[in-house]
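# A predicted structure for the sequence below; I have some questions about it.
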Amino acid sequence: MFGGAVIKDKRLALILPILSLLISDALYQLLYTYDLTPIKGFYRGQWANYLLFVGITLFGMLMKKINFRNVLGFTISGSVLFFLMSNFGVWLGGGGFARPKTFDGLLQCYGDALAFHRDYGLFPGFYGNQLIGDLFFSFVLFGAYYLVNKFAVTRQVAPATN
(Lines give C-alpha, C1' and ligand atoms only; values in the text may rest on other atoms or scores of the structure.)
Protein backbone atom coordinates (compact mmCIF):
# COMPACT_ATOMS: atom_id res chain seq x y z
CA MET A 1 0.00 0.00 0.00
CA PHE A 2 2.85 2.37 0.84
CA GLY A 3 4.46 1.84 -2.55
CA GLY A 4 1.19 2.46 -4.33
CA ALA A 5 0.57 5.66 -2.38
CA VAL A 6 4.09 7.11 -2.51
CA ILE A 7 5.99 5.88 -5.56
CA LYS A 8 5.08 7.99 -8.58
CA ASP A 9 6.33 5.49 -11.18
CA LYS A 10 3.46 2.98 -11.15
CA ARG A 11 5.54 0.15 -12.63
CA LEU A 12 8.13 0.60 -9.91
CA ALA A 13 5.38 0.85 -7.30
CA LEU A 14 4.17 -2.59 -8.38
CA ILE A 15 7.59 -4.18 -8.85
CA LEU A 16 9.18 -3.21 -5.52
CA PRO A 17 6.65 -4.92 -3.20
CA ILE A 18 6.67 -8.07 -5.34
CA LEU A 19 10.47 -8.08 -5.47
CA SER A 20 10.72 -7.62 -1.69
CA LEU A 21 8.25 -10.47 -1.16
CA LEU A 22 10.20 -12.70 -3.54
CA ILE A 23 13.49 -11.93 -1.78
CA SER A 24 12.03 -12.62 1.67
CA ASP A 25 10.45 -15.86 0.42
CA ALA A 26 13.78 -16.95 -1.07
CA LEU A 27 15.54 -16.21 2.23
CA TYR A 28 12.94 -18.17 4.17
CA GLN A 29 13.32 -21.06 1.74
CA LEU A 30 17.07 -21.02 2.25
CA LEU A 31 16.64 -21.01 6.04
CA TYR A 32 14.06 -23.80 5.75
CA THR A 33 16.38 -25.88 3.55
CA TYR A 34 19.06 -25.72 6.25
CA ASP A 35 16.57 -26.49 9.06
CA LEU A 36 16.96 -23.04 10.57
CA THR A 37 13.23 -22.29 10.48
CA PRO A 38 10.04 -24.39 10.25
CA ILE A 39 8.58 -21.86 7.80
CA LYS A 40 8.81 -22.67 4.10
CA GLY A 41 9.64 -19.83 1.77
CA PHE A 42 7.79 -21.27 -1.21
CA TYR A 43 4.59 -23.27 -0.96
CA ARG A 44 1.56 -24.35 -2.96
CA GLY A 45 -0.86 -21.53 -3.70
CA GLN A 46 1.65 -18.82 -2.89
CA TRP A 47 0.98 -17.09 -6.20
CA ALA A 48 -2.30 -15.86 -4.68
CA ASN A 49 -0.39 -13.82 -2.10
CA TYR A 50 1.63 -12.21 -4.86
CA LEU A 51 -1.62 -11.24 -6.60
CA LEU A 52 -2.97 -9.88 -3.33
CA PHE A 53 0.18 -7.77 -2.91
CA VAL A 54 -0.41 -6.33 -6.36
CA GLY A 55 -4.02 -5.65 -5.38
CA ILE A 56 -3.04 -3.89 -2.14
CA THR A 57 -0.47 -1.83 -4.05
CA LEU A 58 -3.18 -0.81 -6.52
CA PHE A 59 -5.42 -0.01 -3.56
CA GLY A 60 -2.68 2.26 -2.19
CA MET A 61 -2.66 4.13 -5.50
CA LEU A 62 -6.17 5.32 -4.64
CA MET A 63 -4.80 7.34 -1.71
CA LYS A 64 -4.63 10.80 -3.23
CA LYS A 65 -3.54 12.67 -0.12
CA ILE A 66 -1.19 11.25 2.50
CA ASN A 67 -2.38 12.30 5.94
CA PHE A 68 -3.04 10.58 9.25
CA ARG A 69 -6.72 9.93 8.56
CA ASN A 70 -6.11 8.45 5.11
CA VAL A 71 -3.21 6.28 6.25
CA LEU A 72 -5.29 4.97 9.15
CA GLY A 73 -8.34 4.30 6.96
CA PHE A 74 -6.41 2.72 4.11
CA THR A 75 -4.37 0.58 6.51
CA ILE A 76 -7.44 -0.78 8.29
CA SER A 77 -9.32 -1.29 5.01
CA GLY A 78 -6.32 -2.90 3.31
CA SER A 79 -5.70 -5.19 6.27
CA VAL A 80 -9.32 -6.35 6.33
CA LEU A 81 -9.39 -6.80 2.54
CA PHE A 82 -6.16 -8.81 2.61
CA PHE A 83 -7.47 -10.97 5.46
CA LEU A 84 -10.78 -11.65 3.71
CA MET A 85 -9.28 -12.34 0.29
CA SER A 86 -6.30 -14.41 1.42
CA ASN A 87 -8.42 -16.64 3.65
CA PHE A 88 -11.07 -16.92 0.94
CA GLY A 89 -8.26 -18.31 -1.22
CA VAL A 90 -7.25 -20.75 1.52
CA TRP A 91 -10.85 -21.95 1.78
CA LEU A 92 -11.35 -22.14 -1.99
CA GLY A 93 -8.08 -24.02 -2.50
CA GLY A 94 -8.76 -26.53 0.27
CA GLY A 95 -5.89 -25.32 2.45
CA GLY A 96 -5.80 -24.97 6.19
CA PHE A 97 -8.23 -27.43 7.71
CA ALA A 98 -9.91 -28.03 4.32
CA ARG A 99 -13.26 -26.69 5.42
CA PRO A 100 -16.30 -27.68 3.32
CA LYS A 101 -17.17 -25.55 0.29
CA THR A 102 -20.23 -24.06 1.95
CA PHE A 103 -20.89 -20.65 3.48
CA ASP A 104 -20.50 -22.22 6.93
CA GLY A 105 -17.19 -23.73 5.80
CA LEU A 106 -16.00 -20.29 4.67
CA LEU A 107 -16.93 -18.83 8.05
CA GLN A 108 -15.09 -21.68 9.77
CA CYS A 109 -12.02 -20.89 7.65
CA TYR A 110 -12.20 -17.23 8.73
CA GLY A 111 -12.52 -18.41 12.33
CA ASP A 112 -9.44 -20.60 11.86
CA ALA A 113 -7.53 -17.59 10.54
CA LEU A 114 -8.60 -15.44 13.49
CA ALA A 115 -7.48 -18.18 15.87
CA PHE A 116 -4.12 -18.31 14.09
CA HIS A 117 -3.64 -14.56 14.54
CA ARG A 118 -4.81 -14.84 18.14
CA ASP A 119 -2.33 -17.59 18.98
CA TYR A 120 0.71 -16.52 16.96
CA GLY A 121 0.71 -12.76 16.99
CA LEU A 122 2.59 -10.18 19.00
CA PHE A 123 -0.09 -10.18 21.70
CA PRO A 124 -1.10 -13.77 22.49
CA GLY A 125 -4.86 -14.02 22.90
CA PHE A 126 -5.61 -10.93 20.78
CA TYR A 127 -7.54 -11.51 17.56
CA GLY A 128 -6.39 -8.27 15.95
CA ASN A 129 -2.67 -9.10 15.76
CA GLN A 130 -2.59 -8.78 11.96
CA LEU A 131 -4.17 -5.35 12.19
CA ILE A 132 -1.71 -4.27 14.90
CA GLY A 133 1.22 -5.31 12.69
CA ASP A 134 -0.22 -3.58 9.64
CA LEU A 135 -0.86 -0.36 11.59
CA PHE A 136 2.61 -0.43 13.11
CA PHE A 137 4.43 -0.87 9.81
CA SER A 138 2.19 1.59 7.96
CA PHE A 139 2.93 4.27 10.50
CA VAL A 140 6.64 3.43 10.45
CA LEU A 141 6.78 3.69 6.65
CA PHE A 142 4.49 6.68 6.23
CA GLY A 143 5.96 8.34 9.33
CA ALA A 144 9.50 7.96 8.03
CA TYR A 145 8.36 9.27 4.65
CA TYR A 146 6.80 12.30 6.33
CA LEU A 147 9.88 13.00 8.46
CA VAL A 148 12.26 12.68 5.53
CA ASN A 149 10.12 15.07 3.48
CA LYS A 150 9.74 17.52 6.35
CA PHE A 151 13.32 17.60 7.58
CA ALA A 152 15.39 16.76 4.53
CA VAL A 153 17.39 19.85 3.88
CA THR A 154 17.62 20.87 0.29
CA ARG A 155 19.87 23.83 0.03
CA GLN A 156 19.98 25.84 -3.06
CA VAL A 157 23.22 27.49 -3.86
CA ALA A 158 22.78 31.22 -4.28
CA PRO A 159 24.70 32.73 -7.15
CA ALA A 160 27.84 34.51 -6.05
CA THR A 161 27.67 38.24 -6.06
CA ASN A 162 30.70 40.40 -6.76
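Cool, got the structure. This structure is a prediction, so every number in the text was calculated from the model and none was measured.
# just the strands in this protein please.
Here the chain has no strands by DSSP state E.
# If I look at Asn149, what pLDDT would I see?
We note a pLDDT of 89 for Asn149 in this prediction.
# which residues touch it?
The contact partners of Asn149, by Cβ atoms under 8 Å, 6 or more residues apart in numbering, come to none. Glycine gets a C-beta too; all of them are placed from N, C-alpha and C.
# Quick check: closest non-adjacent residue to Ser138.
Leaving aside its chain neighbours, Ser138 sits nearest to Thr75 (4.2 Å; criterion: Cβ to Cβ, 6 or more residues apart in numbering).
# Just to check, the one you found is in contact with Asp134?
Yes - the criterion here is Cβ atoms under 8 Å, and Thr75 meets it with Asp134 at 5.5 Å.
# Look up how far Ser77 lies from Phe68.
From Phe68 across to Ser77, the span is 15 Å (Cβ to Cβ, to the nearest Å).
# swap in Tyr146?
In terms of Cβ to Cβ, Tyr146 sits 20 Å off from Ser77.
# Low-confidence ranges, this protein, go.
153-162 (pLDDT under 70).
# The residue lying closest to Asn129 once chain neighbours are set aside: neighbouring residues, count only.
Spatial nearest neighbour of Asn129, chain neighbours left out: Gly121 (2.3 Å); criterion: Cβ to Cβ, 6+ apart. For Gly121, the count of nearby residues is 17 (other Cβ atoms under 10 Å).
# same deal with Pro100?
Pro100: 12 surrounding residues under other Cβ under 10 Å.
# For it, give me its contacts.
Neighbours of Pro100 in contact, by Cβ under 8 Å, 6+ apart: none.
# for it, phi and psi?
phi -60, psi 150 (degrees, to the nearest 10).
# how near is Ala48 to Val54?
According to Cβ to Cβ, Ala48 stands 11 Å off from Val54.
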